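**Q** structure for the following, please:
(chains A and B)
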Amino acid sequence: MSGSEPGRYWQRTSRLMWTMMAIWVVFSFVVHFFASTLNSIVILGFPLGFYMAAQGSLIVFVVMLFMFARKQDSIDHEEGVAED
Amino acid sequence: MANQRSGDFISNLGRIYTYYTGGFFGFVILLAILEQLGVPNKWIGYGFVFLTIGVYAVIGILARTSEVGEYYVAGRKVPSFYNGMATGADWMSGASFVGMAGTLFLLGYDGLAFVLGWTGGYVLVAILIAPFLRKFGAYTVPDFFAERYGGNFARILAVIVLISCSFTYVVAQIFATGLIASRFLDMDFTVAVYAGLVGILLCSMLGGMKAVTWTQVAQYIVLIVAYLLPIIILSAKKFGIPLPQLTYGMALQEIASLEASMVQKGLANAATLKPHTKPFTTYDPLNYFALILCLMVGTASLPHILMRYFTTPSVRDARSSVAWSLFFIFLLYFSAPAYAAFAKLEVYSLINAGTQLANLPAWIFTYGKLGLVKVCGADAGTVDAVIAACGKIANHGGLLRLQDLNINTDVIVLSTPEIAGMPYVIAGLVAAGGLAAALSTADGLLLAIANALSHDIYYKMINPNAPARMRLIVSRILLFFVAVLAAYVASTRPADILSMVAWAFSIAAAGIFPALTLGVWWKRATTQGAITGMILGYGVCVYYLVGTRYFAVSFHEMWFWLGAATDAQLTRYNELYSAWQAASGTAKDAAWRALNTHAQTIASWFGVRNISAALFGLPFGFVGIWLVSLFTPAPSREVQDMVERTRTPAGEMIMQEKDAGAGSH
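**A** Numbers count the residues shown, from 1 in each chain, chains lettered A, B, ... in the order given. You can find the predicted model right below:
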């Protein structure tokens, strides 16, 4: 744990968690509140409201998890609590 | 020696599974050639099913083990990429594979609640749960509860929740194997169920988690190829681009214009037609979002999923493994809406063309004979049956109308190859994919149940001094009996149990999620708090599920003031109630059934559907833990230190198995 204030690791980890949870709430729920309105925009044949529930949110989930894994890993290293 | 060998195996994984995938494609091509040479369909079907199950069994036998650590957590050596594939197969059930596209076909936009719910849950797994459970080093999910919440009472509660959500689920998987095999191979249903049982046991009994992991990877490859190939072909045929997930936008546009055209021609009823992309035609927004929430939180609480992340080599790998899992799951779920759209386009074009009942296409009768397609309310077994049934409807013009057609959700995926005129080999491939999906999920669930019984109940509570050899023997015996019991229940075709499968998500969410997440994220959570929260969450959830389904009349009588029934529904209820009270003799039973059926549609709190019961269970669980924890003394120094170490990736696992490697000879 060299060079790191106690508690700072968990603080940064928690902050990352809340950021991720906020994105999760937006793409799980908030975007879809507006499905009817978004459906008036059509891209490549997809009404946008439908698209967000069928693909858009899913792509966000996948990408955010890979980003989360990277970000958390760099926090682990910077705070000196990474494995090995 | 054993380590040497498994080390070689792990470092050669890429090559092994590339050969395997190549071999599988070669096998598909071989069967396609045999079909062209005139080999009967039945033999092609048998070839698919028996060869794939045979390969899984061989992997299961090769991966046998006599080490406790390998049996329970695959020696914690599974690279995150492969664990992702295994989780994909573990997660995607027979019902997801076979029924998902059909649900989207029927519900349109509202069905996407399942697509969202069954993917977004992995965000919760990765961020809130999996890395910490990996660091903890438990063998089972109840293990964590016992260690964090001071002992066996919390362990027992977790085992009860685990078995309640997993057992009905595994019965449904074995039922699905029976259904797929009996439809495609004309096998007797009961024989097919027990054949599935043998396949499941061969994959799991000898090697536990280690064997299940490597068969699940193999099963994932089969299921994803089988799911994607038909729609890739379809997309290339229809739109010239083999990317169905992109081209179905065009199908959606055509569907919208067909919807308008059918209504105009009088071939569809404007009042009952649900425009495919229009939100909230089946669920109101409250139920749509409640369903998404319950499925997501349920996903993050199902023990057979969580235990997959015990198998990665490190905490870091556990995190990236969840990302890979979601990626592999995403491949199927973002394709399912394309399946639904292509099938809908096909069916709507058929109706819009003004098809005479006498000229209906063959697939309607193929599935009508199995009772999966109804026309004018009767099974579409033959042309005569269809014409007779429609003849009873006043003013039926003799053309197939949208409201005449009733398609079971399973038909969409199973019939797509046939509807699109593809060779039988593709249909056989789809059957093999459906079996892979059902078998892999059944393996994971059985292992979760049997491990909870053998590790948590037998080893931790009954005989803590049991030597490794004894523990493995007990595990295998329990696995065998749980599997046989599940297969027996499945063979009786239990309608009630199958309808309860959807409950698993709410039960797991309400019973496990609050205590699990707060156990890591809130040091102040106490044993008494967790126990209160688990009992309250699980209790409220089960009360709501059972009350609204099996005791609808009393539930409504007690809670009508919290319900959301319309005045018309309440009037109808009162009429039926008086009719039941006035009736006597045999009429009384019939009156009760009418009353009960109606009550099931209105018995609720705030109109929330039964499947989203965790909407009530979750707040009770969280508030229960929070309040009681505040009023009880803080957890001991040791427990708080343990939570601290759980949060820190570096360092030893919290739970060290004293004989993890013992018995390896």
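
**Q** near chain A, which residues of the stretch 151-300 of chain B? Just list them.
**A** For the stretch 151-300 of chain B, the contact set with chain A under C-beta under 8 Å from any C-beta of the partner chain comprises B:245-246, B:248-253, B:277-280, B:285, B:288-289, B:292-293, B:296. Where you see a C-beta, it was placed from the backbone N, CA and C, and this is true even at glycine.

**Q** now, these that are in helices?
**A** Taking DSSP state H, the ones among those that sit in helices are B:245-246, B:248-253, B:285, B:288-289, B:292-293, B:296.

**Q** now, among the residues you listed, which is nearest to chain A?
**A** In terms of C-beta to the nearest C-beta, no member of those lies closer to chain A than B:Gly249, at 2.9 Å.

**Q** quick one: contacts for B:Val643?
**A** Counting by C-beta atoms under 8 Å, 6 or more residues apart in numbering or on different chains, B:Val643 touches B:148, B:519-520, B:523, B:635.

**Q** for those, work out which two are farthest apart.
**A** For those, the farthest-apart pair by C-beta to C-beta is B:Val520 and B:Pro635; their separation is 12.7 Å.

**Q** mind pulling the model confidence for B:Ala353?
**A** pLDDT, B:Ala353: 93.

**Q** got the phi and psi for it?
**A** Per-residue torsions, B:Ala353: phi -70, psi -10 (degrees, to the nearest 10).

**Q** same question, B:Ile163
**A** In terms of degrees, to the nearest 10, the main-chain angles of B:Ile163 are phi -70, psi -40.

**Q** circling back to that earlier point, can you add distance to chain A and secondary structure and give the contacts of B:Val643 back as a markdown table?
**A** Putting the contacts of B:Val643 into a markdown table (distance: C-beta to the nearest C-beta, whole Å; DSSP: H, G, I helix; E, B strand; the rest coil) gives the following:
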| residue | distance to chain A | secondary structure |
| --- | --- | --- |
| B:Arg148 | 17 | helix |
| B:Gly519 | 15 | helix |
| B:Val520 | 10 | helix |
| B:Lys523 | 10 | coil |
| B:Pro635 | 17 | coil |
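
**Q** who wins on neighbours among those residues?
**A** B:Gly519 (26 neighbours; other C-beta atoms under 10 Å in any protein chain shown).

**Q** now the residues of the stretch 151-300 of chain B next to chain A: which count as buried?
**A** B:245-246, B:248-253, B:277-279, B:288-289, B:292-293, B:296 (16 or more other C-beta atoms under 10 Å in any protein chain shown).

**Q** residue ranges with poor pLDDT in chain A?
**A** Applying pLDDT under 70 to chain A flags residues A:1-5.

**Q** what does the average pLDDT come to for the helix or strand hosting B:Gln219?
**A** Assessed by DSSP states H and E, B:Gln219 sits inside helix B:208-239. Taken as a whole, helix B:208-239 carries a mean pLDDT of 95.

**Q** give the buried residues for that helix.
**A** Neighbour counts over helix B:208-239 (16+ other C-beta under 10 Å) mark B:208-235, B:238-239 as buried.

**Q** and the helices in the stretch 301-450 of chain B?
**A** Secondary structure of the stretch 301-450 of chain B, counting by DSSP state H, counting those that start in this stretch: helices at B:303-306, B:315-333, B:336-352, B:362-369, B:383-391, B:411-419, B:424-451.

**Q** and those helices: which comes nearest B:Val484?
**A** Closest of those to B:Val484 is helix B:424-451, at 10.4 Å (criterion: C-beta to C-beta).

**Q** low pLDDT regions in chain B?
**A** Checking chain B against pLDDT under 70 turns up B:1-7, B:657-665.

**Q** run the last query once more with 80
**A** For chain B, the stretches with pLDDT under 80 are B:1-8, B:183-187, B:419, B:495, B:497-499, B:656-665.

**Q** can I see the domain layout of it?
**A** What the record gives for chain B is the domain set B:2-342+B:421-517, B:518-647, from automatic domain parsing.
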